[in-house]
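*Asks:* just a sequence and a predicted model for now, questions to come.
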Amino acid sequence: MKNAFLAVLSALLCIACNPGSDDQPERKDGLIPITKASETNLFPTLPGYESRKEMEAIRKNGDLTLLFRSENELYQKVQEIFDFTIHPKNEGIEIERKKAQAGYRKFIETYKDERIMLSQFRNQYAKRLLLDYKIMNSDRYQDLQFYTNELIESHLGNYDLILKCLSKLEGNIDKEQFAKLVQDTHLQMNESVENEKLLKVAIADMIRQKEAEAREEQKLIENGGTGNKPRKKLMLSLLKHNQQNDRSKLLEGYLTVIKKFEDSLSVSKV
């Protein structure tokens, strides 16, 4: 459980925050300024994450930066493998959309056993097909249903977009299929709620640990030794940034919306 949880924490920190630019001054507390990345409100659950080889390194030395590097490499690998070019203003957008959709399905079939890479892929490219090819705002409900399910299957918790998709699908697809999408989303949200509770405790513990390590390293440097202070400072900055960013209220809002879908489905059965 702890290993899986560490992986969720690392994914959250990696996709939710970016360090500020090199020319930004340090804050008064000595930490590095953190700016939010575009993917700031993901709530990853990512089943099976603890099986990755990188977790062995985490267990040995507790260095989460190894996993951050691995996540970035994985993100780049997906982009390199799947050459996804979008021309939304091109007159041939319909042809390009069909090519992109065919490529998408080929990718998930080819890499069906690569669960972690598929999580990244589904989150990135289902979203791009929905938004850049305007499937989201069309009457292509079969496509919309498919990519909504792909977002759910990514287990990266892009609930904001998933709920918008469900709103479009409500009343436009089979009720049982819609209910399954709602149920699967709700189950993941419940897991995300529990993860957030654990994250708060773990982040506080890790901050205490990193602060203690930083103090020891500072003493070592003052006595003429060497250390890796910038990396530790970045890690501490990321942790404190996430500690201050209370996302539980956002999850509460998502749960309110998903429960409304469930209430609507219950009423329709009467």
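*Replies:* Structure received.
*Asks:* tell me which stretches of this structure form strands.
*Replies:* 17-19, 34-36 (DSSP state E).
*Asks:* surely residue 153 is in contact with residue 122?
*Replies:* Yes - between residue 153 and residue 122 there is a contact at 5.9 Å, judged by Cβ atoms under 8 Å. Where C-beta positions appear, they are placed from N, C-alpha and C, glycine not excepted.
*Asks:* the more surrounded of the two?
*Replies:* residue 122 (24 against 17; other Cβ atoms under 10 Å).
*Asks:* how many residues are close by the nearest residue in space to that one that is not next to it in sequence?
*Replies:* Distances taken as Cβ to Cβ, 6 or more residues apart in numbering put residue 154 closest to residue 122, at 3.7 Å, once the chain neighbours are dropped. Neighbourhood size, residue 154 [other Cβ under 10 Å]: 25.
*Asks:* what's the answer for residue 197, then?
*Replies:* 11.
*Asks:* ditto for the one 5 residues further on
*Replies:* Burial measure for residue 202: 17 neighbouring residues, criterion other Cβ under 10 Å.
*Asks:* pLDDT value on it, please?
*Replies:* You'll see residue 202 listed with a pLDDT of 70.
*Asks:* equivalent analysis for residue 86, please.
*Replies:* Listed pLDDT for residue 86 reads 57.
*Asks:* coming back round to it: so what's the residue nearest to residue 122 up against?
*Replies:* With contact set as Cβ atoms under 8 Å, 6 or more residues apart in numbering, residue 154 has these partners: 118, 119, 120, 121, 122, 123, 126.
*Asks:* swap in residue 188?
*Replies:* Here residue 188 is in contact with 43, 45, 152, 155, 157 (criterion: Cβ under 8 Å, 6+ apart).
*Asks:* next, the buried residues of stretch 184-201.
*Replies:* For stretch 184-201, a neighbour-count test (16 or more other Cβ atoms under 10 Å) marks 185, 186, 188, 189, 191, 192, 195, 196, 199 as buried.
*Asks:* using JSON lines, lay out these together with pLDDT.
*Replies:* Putting those into JSON lines (pLDDT from 0 to 100) gives the following:
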{"residue": "185", "pLDDT": "98"}
{"residue": "186", "pLDDT": "98"}
{"residue": "188", "pLDDT": "95"}
{"residue": "189", "pLDDT": "95"}
{"residue": "191", "pLDDT": "90"}
{"residue": "192", "pLDDT": "90"}
{"residue": "195", "pLDDT": "82"}
{"residue": "196", "pLDDT": "81"}
{"residue": "199", "pLDDT": "72"}
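*Asks:* quick check, nearest of those to residue 144?
*Replies:* residue 185 (14.5 Å; Cβ to Cβ).
*Asks:* show me the helices in the chain, by range?
*Replies:* For the chain, the helices defined by DSSP state H occupy 2-16, 54-61, 64-81, 93-110, 115-121, 127-132, 141-154, 159-169, 175-222, 229-244, 248-269.
*Asks:* what distance do you get for residue 156 to residue 124?
*Replies:* 9 Å (Cβ to Cβ, to the nearest Å).
*Asks:* more neighbours: which of those two?
*Replies:* Between residue 156 and residue 124, residue 156 has the larger neighbour count (other Cβ under 10 Å), namely 24 against 18.
*Asks:* next up, phi/psi of that one, please.
*Replies:* In terms of degrees, to the nearest 10, the main-chain angles of residue 156 are phi -100, psi 0.
*Asks:* check residue 157 too.
*Replies:* Backbone torsions of residue 157, given as degrees, to the nearest 10, read phi 60, psi 40.
*Asks:* picking up where we left off before, any idea which of the contacts of residue 188 is closest to residue 98?
*Replies:* residue 152 (23.6 Å).
*Asks:* grab the nearest non-local neighbour of the closest one.
*Replies:* residue 184 is the one closest to residue 152 (Cβ to Cβ, 6+ apart), at 5.2 Å.
*Asks:* likewise residue 182?
*Replies:* Using Cβ to Cβ, 6+ apart, the nearest residue to residue 182 is residue 261, at 4.7 Å.
*Asks:* pretty sure the one you found contacts residue 166?
*Replies:* Yes - with contact defined as Cβ under 8 Å, residue 261 and residue 166 form a contacting pair (6.1 Å).
*Asks:* the closest residue to residue 135 other than its chain neighbours and residue 190, how far apart?
*Replies:* Closest residue to residue 135 apart from its sequence neighbours, by Cβ to Cβ, 6+ apart: residue 143 at 5.0 Å. Residue 143 sits 28 Å away from residue 190, going by Cβ to Cβ.
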